[in-house]
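# Sequence first, then the predicted structure:
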Amino acid sequence: MSSKYHIQINRRLKSFLLVCCVLIAGQLLSTEELVLGSWNIQGNGGPFKEQALIQFGSYFVRDKNIDILALQEVKVPLQKLSHTKLYKKRIGNDFLDHFAQELSKQTGSVWKYVSSCDYAIRENIDEYAYCNAGLDNAVLYRADKVDVKEIHAGYPFYFDDFHKSPYKMNMNNTNVLKISDRFSDKSFYLINKHLPYTSKGKGWQPWYRDIAVLQQLYNILENAEPKILCGDFNAAHHSFYLKDGSLVFTDCFIGCRKPTTVNRDFRYSHEFDHFILNAAATKLVIQEPDRYTSDADSSGFIRYGNKSMTLEYFVKELSDHVPIFMSFDF
């Protein structure tokens, strides 16, 4: 074989190897860790508590490199609407704005948020309880990393038209989001939920009703897509069943099963906060869901920055829930 053909073969081989390297590099670059957090802040009344929540929340975000933070029991000022008592409207320049601004300042990223404020119901309707100013849900996210599309309005959920919605639940404050990578075609669904707690008058009936509706809502979303539910479910993982005894989310992985502390006298020691992942999402998990505090056999102190506090102080001054977090390939 002549040297001319050798040169041609070598050139083709080098070109082939170069293309392979580019493709492999592209695949590696397109794989990125996305970190999710979830936290029931138990309302944020008063300037002192707002500042303390933002301070702790910002440290949590920086410490765990959180990209998306789902919140429950967010309290913001609301404005009455002249044409209806069913809904209200955010006034603005409130806790969510201040939190997003502080996160942007501390992380150098662009933080935005979505909330249930404009479609949560504000009066009791039959057996459905209204959502007061301290029970809205919100999701803060890095807008320089992901795009977020709310799916609350119109078909199929109609959260903005409670009487028309086939997915009626207490407070109507569920966030259903489709989250996409800004630099690729990857996406997943995130459902941020706060289920009702038992009451003296109705017992567990509202919870059984809403967990069944949440299962239906989860089922209607594309199964092939990663689906993640997060929030305060007001029940431990072993209580995820319907009134007739049948289990829900049987095809899912339910994370954060261990309690925060061994002290069961405090409500914050419960296992009520969870991530629930379908099979497609479970395959992508890097950091398994966990609680942002000591394990059951540890000291029980929460440390952030140069501060340290007991769980007793945490629940008194901040929230009766500690944040949870996880990460996955995105």
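Great, that's in hand.
# From here on, just use CA atoms for contacts and neighbour counts.
Will do.
# pretty sure residue 207 contacts residue 199?
No. Counting by Cα atoms under 8 Å, residue 207 stays clear of residue 199, with 9.8 Å between them.
# wait, residue 128 sits on residue 163?
No. Counting by Cα under 8 Å, residue 128 stays clear of residue 163, with 11.3 Å between them.
# More neighbours: these two, which one.
Just comparing residue 128 and residue 163: by other Cα atoms under 10 Å the higher neighbour count belongs to residue 128, 16 against 11.
# Of residue 207 and residue 199, which one has the most company?
residue 207 (23 against 11).
# Without its sequence neighbours, what residue ends up closest to that one?
residue 196 (5.5 Å; Cα to Cα, 6 or more residues apart in numbering).
# Wasn't that neighbour part of a strand?
No. Under DSSP: H, G, I helix; E, B strand; the rest coil, residue 196 sits outside any strand and is assigned coil.
# any idea how far residue 131 is from it?
Note on residue 196: its distance to residue 131, by Cα to Cα, to the nearest Å, is 11 Å.
# Which residues are in contact with each of those two?
Common neighbours of residue 196 and residue 131, using Cα atoms under 8 Å, 6 or more residues apart in numbering, are residue 170.
# so which helix or strand takes in residue 313?
Residue 313 is located in helix 311-317, with elements delineated by DSSP states H and E.
# And that helix, what's buried?
Of the residues in helix 311-317, 311, 314-315 count as buried by neighbour count, 16 or more other Cα atoms under 10 Å.
# Check stretch 221-241 too.
For stretch 221-241, the neighbour count (16+ other Cα under 10 Å) marks 226-237, 240-241 as buried.
# ditto for stretch 183-203
Residues of stretch 183-203 classed as buried: 187-196 (neighbour count, 16+ other Cα under 10 Å).
# Sitting in helices, which of the residues you listed do you find?
Among those, no residue falls in helices (DSSP state H).
# and which of those residues is nearest residue 153?
residue 191 (14.5 Å; Cα to Cα).
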